[in-house]
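Peer 1: Next one to model:
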Amino acid sequence: MVGLYNDDELLIRVSQLQGFTHIPNYLLIGVRSKADEFNKYDDKFYFYINGHFLTVSIGTTNSGAYSLLGGWKKANPYGSAIIKSDEIYYDVYEYGLHKQRMPALRQVKPMKYYRDGNNDKKVDESGKIYTGIANTNFHFNNYDIASKVMATVIGGWSEGCQVSCETIPYNKIINEVKKTRLPVTYALIKEF
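Peer 2: Okay, the predicted model is just below:
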């Protein structure tokens, strides 16, 4: 599980990413765990408004077992979408619905991806980099966004999406973005 970072540590790390120009109104930072436990929620998401911390949530920045072990074949011929880390994606998310059912942050601009199609239990950040919109939204791990059950297993909840497994922080993020309808910038970094 990714440890906790303070605001200065995270914002300094984001400011070092290639392409960084400024701290946006809404910034979601995903921290990808070094451990990369198979099919487990072991990453963290930090949400900032104008550089001020709002909340942190446990989740995943990786695909779950369903996608990694062959489910990707139904969605893409090259493999499960793995968002390239150590990148900042300005204004990439907007408030919307995931699969027309769940309030979420929907991807509206391209991101960089690897495609993991070797059907093993490890997320691979290697090979060709693809750029595009793969519908890798930020969403909750349950269609009942009031659920108090904190899941530990990803299963089919991520085929490349960024997924929170904590109700209260997730709803804080979604409600804030829904209120203003401002775009959300996503910075995905590796645990450091």
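
Peer 1: For the longest helix along the chain, give the mean pLDDT please.
Peer 2: Using DSSP state H, we find that the single longest helix of the chain is helix 167-180. Average pLDDT, helix 167-180: 97.

Peer 1: In contact with the nearest residue to Phe140 once chain neighbours are set aside, which residues?
Peer 2: The shortest distance from Phe140 to any non-neighbouring residue, by CB to CB, 6 or more residues apart in numbering, is to Tyr170 (5.0 Å). The C-beta positions use only the backbone N, C-alpha and C, and glycine is treated the same way. Taking CB atoms under 8 Å, 6 or more residues apart in numbering, we find Tyr170 in contact with Ser57, Phe140, Ile145, Ser164.

Peer 1: From what I see, Ile23 and Leu11 are in contact.
Peer 2: Yes - using CB atoms under 8 Å, Ile23 is in contact with Leu11, at 6.7 Å.

Peer 1: These two: which is more packed in?
Peer 2: Ranked by neighbour count (other CB atoms under 10 Å), Ile23 and Leu11 place Leu11 first, with 19 against 16.

Peer 1: How about the secondary structure of the more buried one?
Peer 2: Put simply, Leu11 is helix when judged by DSSP: H, G, I helix; E, B strand; the rest coil.

Peer 1: still on that earlier bit, what is in contact with Ile23 and Leu11 at once?
Peer 2: By CB under 8 Å, 6+ apart, the residues touching both Ile23 and Leu11 are Tyr48, Gly51.

Peer 1: how much space between the residue nearest to Phe140 and Ile129?
Peer 2: Note on Tyr170: its distance to Ile129, by CB to CB, to the nearest Å, is 29 Å.

Peer 1: And for Asn119?
Peer 2: Separation of Asn119 from Ile129 (CB to CB): 21 Å.

Peer 1: where exactly do the strands run in this structure?
Peer 2: Ranges of strands in the chain, per DSSP state E, are 26-32, 43-49, 52-60, 80-83, 87-98, 102-107, 111-116, 130-132, 138-140, 162-164, 184-190.

Peer 1: Any chance of CSV for these, columns mean pLDDT?
Peer 2: Listed next are these as CSV, based on pLDDT from 0 to 100:
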stretch, mean pLDDT
strand 26-32, 98
strand 43-49, 98
strand 52-60, 97
strand 80-83, 97
strand 87-98, 98
strand 102-107, 98
strand 111-116, 97
strand 130-132, 97
strand 138-140, 98
strand 162-164, 98
strand 184-190, 98
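
Peer 1: quick one: which of those is nearest Leu68?
Peer 2: Counting by CB to CB, Leu68 lies closest to strand 80-83 out of these; the figure is 5.7 Å.

Peer 1: Can you give the distance of the closest one from its chain's centre?
Peer 2: Its chain's average C-alpha position is 11 Å from that of strand 80-83, according to CA atoms, centre = their mean, to the nearest Å.

Peer 1: Take the strands of the chain and lay them out in a markdown table including mean neighbour count and distance to Lys73.
Peer 2: Below are the strands of the chain laid out as a markdown table (neighbours: other CB atoms under 10 Å; distance: least, CB to CB, whole Å):
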| stretch | mean neighbour count | distance to Lys73 |
| --- | --- | --- |
| strand 26-32 | 23 | 24 |
| strand 43-49 | 23 | 25 |
| strand 52-60 | 19 | 21 |
| strand 80-83 | 26 | 10 |
| strand 87-98 | 18 | 21 |
| strand 102-107 | 22 | 21 |
| strand 111-116 | 21 | 12 |
| strand 130-132 | 13 | 16 |
| strand 138-140 | 27 | 22 |
| strand 162-164 | 28 | 21 |
| strand 184-190 | 23 | 25 |
